[in-house]
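Asks: show me how the following folds:
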Amino acid sequence: MYIQQLYTNCLAEAAYYIESEGVAAIIDPMRETAPYLAIAKERNATIKYIFETHFHADFVSGHLDLSKQTGAPIIYGPTAKTGFESHVAEDGEVFHLGKLTIKVLHTPGHTQESSCFLLSDETGKEHCIFTGDTLFVGDVGRPDLLDASVKLTPSDMAGMLYDSLAKYIKPLADDVLVYPAHGPGSACGKNIGKETWSTIGHQKSTNYALKAATREEFIKTLTADIPKPPAYFFADARINKMGYENVEAVVARNNKSLTVAELEHEVAHGAIVLDARKADEFEQGFIKGAINIGLDGQFAVWVGTLLDFNRAVVLVTTPGTEAEAILRMTRVGFEKVIGYLDGGFATWVAAGKGMDHVSSVTPEEFATLCKDGKHGILDVRKPGEVQSGFVKGAQLVGLQDLASQLNLFDHSKECLVHCAGGYRSMIAVSILKAHGIHNVKNVYGGFGKIKNTDVTVVVPTLNMA
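Replies: Alright, predicted model coming up:
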């Protein structure tokens, strides 16, 4: 038996390669298929099955291309309806993979077709369970990703999830390994833990969702303070359900160099300038109105969350990373990339074009400025992160909600912007400046460094998870 987790930090997504006796299965593959084909080739194995735990909303899966390249069937759990050929399994259906067995457990709640796959080893012992978005480390899947045509409420879905966990997850032995579809940073849960795998026993003792005393308590907790889902979630779910264009074709079409004049033309016709350089490069100079989402962080997640899915994009990248940026965008179904500025930002500078920049302060400078009463403080972390504390007097506006809440800002005060470590605060500053709010400063190091200064930190008394 061989199991490999293929974790993609950019999306906080985990796919899995499972193999026995020269045959393999892939669970929840990413859109590009090369990694799975490479592992199978290296191990002289044949991919026999492609399992999907559900219709993913946060990324475009590679099920279609992988099936075309291998001939392996695409397997979903009960109630799934697809726009392509697939095998809709029955609850309890068993698939044989060499000396292993994989049992389908229908676990609706995150979505109606959500299913887990329970793997038993060569001896018949239950070894691990691939939980998709049903169970995460420290969390469970959100219950609100409902198609408008579905006549169910988040509370209805939460109730289903409670029943699914009680029926199939809690009865498992404590030593059964838990392999979820996502890790920290994913918007598919409210506050997913740092680890990317766990055990049933550990989750029973630490996961709030598995410790709920009653069904009513579970529903109330799970449906409280759910952040608004990114708009691209619903588009990606439709794409995964109905089909999509080959990823190599999309990347080839979008990987086009642009001159300064061509970039200006596209911007004049409504295109967004997406600057994918690191924050410390971006702050030194950038095209006015550009949004900074660095490739060194959860690039694809924030592109999908913050940018208009139907609006064209022109890229500014560190030369040599253009194809990577375009590929990562295709992972969330963002395909309207006109091209990239040939030569990067240096070309813009050489052309004598105007630019903007960002001012930043150290955590120590931030602590000093906080005391004068003349500065506003903006914390753009997620609600779950704020549980550990926040700076007294700070406005708490998650980055995902920033553009819709610009009217809350007091423009008479200079605003000091921070997140947890510095990546998202630069994104936030670029959004503010793109909307004409320039009286802002970025804080290096984020709350992780700020809390070590002499600022007053408030720890909330209520559980905001």
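
Asks: helices of the stretch 151-300 of the chain, start to end?
Replies: Ranges of helices within the stretch 151-300 of the chain are 154-164, 200-206, 208-211, 215-223, 232-242, 247-254, 260-268, 279-282, 299-306, based on DSSP state H, counting those that start in this stretch.

Asks: figure out which of these is closest to residue 396.
Replies: helix 299-306 (17.5 Å; C-beta to C-beta). (Each C-beta comes from the backbone N, C-alpha and C, glycine too.)

Asks: helix or strand next in line after that closest one, which one?
Replies: strand 313-316 (DSSP states H and E).

Asks: in the stretch 251-400 of the chain, where is pLDDT below threshold?
Replies: By pLDDT under 70, the stretch 251-400 of the chain has no low-scoring segment.

Asks: measure residue 419 to residue 443 for me?
Replies: 8 Å (C-beta to C-beta, to the nearest Å).

Asks: who's more crowded, those two?
Replies: Taking other C-beta atoms under 10 Å, residue 419 and residue 443 do not tie; residue 443 has more neighbours (28 against 25).

Asks: what about the closest residue to that one other than its chain neighbours, how many residues nearby?
Replies: Spatial nearest neighbour of residue 443, chain neighbours left out: residue 418 (3.9 Å); criterion: C-beta to C-beta, 6 or more residues apart in numbering. When neighbours are counted by other C-beta under 10 Å, residue 418 registers 30.

Asks: contacts only, for residue 418.
Replies: By C-beta atoms under 8 Å, 6 or more residues apart in numbering, the contact set of residue 418 is 366, 377-380, 391, 425, 442-443, 446-447, 450.

Asks: got the phi and psi for it?
Replies: For residue 418, the backbone dihedrals (degrees, to the nearest 10) come out as phi -140, psi 160.

Asks: and it, what's its pLDDT?
Replies: With respect to pLDDT, residue 418 has a value of 98.

Asks: C-alpha coordinates for the helix or strand containing residue 424, PDB please?
Replies: Element membership for residue 424 (DSSP H and E) is helix 423-434. The C-alpha coordinates for helix 423-434 follow below in PDB (Å, rounded to 0.1, in the frame of the first residue of the first chain):
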ATOM      1  CA  TYR A 423       1.000  39.300   2.800                       C
ATOM      2  CA  ARG A 424      -2.700  40.300   3.000                       C
ATOM      3  CA  SER A 425      -2.100  43.800   4.400                       C
ATOM      4  CA  MET A 426      -0.300  44.800   1.100                       C
ATOM      5  CA  ILE A 427      -3.200  43.400  -0.900                       C
ATOM      6  CA  ALA A 428      -5.500  45.500   1.300                       C
ATOM      7  CA  VAL A 429      -3.400  48.600   0.900                       C
ATOM      8  CA  SER A 430      -3.400  48.200  -2.900                       C
ATOM      9  CA  ILE A 431      -7.200  47.800  -2.900                       C
ATOM     10  CA  LEU A 432      -7.600  51.000  -0.800                       C
ATOM     11  CA  LYS A 433      -5.300  52.900  -3.100                       C
ATOM     12  CA  ALA A 434      -7.000  51.600  -6.200                       C
END
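
Asks: what does that helix contact?
Replies: 275, 279, 282-283, 286, 289-294, 296-298, 302, 306, 356, 358, 378, 380-381, 399, 402-403, 406, 409, 415, 417-419, 438, 440-443, 446.

Asks: out of the contacts of residue 418, who's the most crowded?
Replies: Ranked by neighbour count (other C-beta under 10 Å), those have residue 425 at the top, with 30 neighbours.

Asks: residue 216 and residue 155: what is the separation?
Replies: From residue 216 to residue 155 the distance is 10 Å (C-beta to C-beta).
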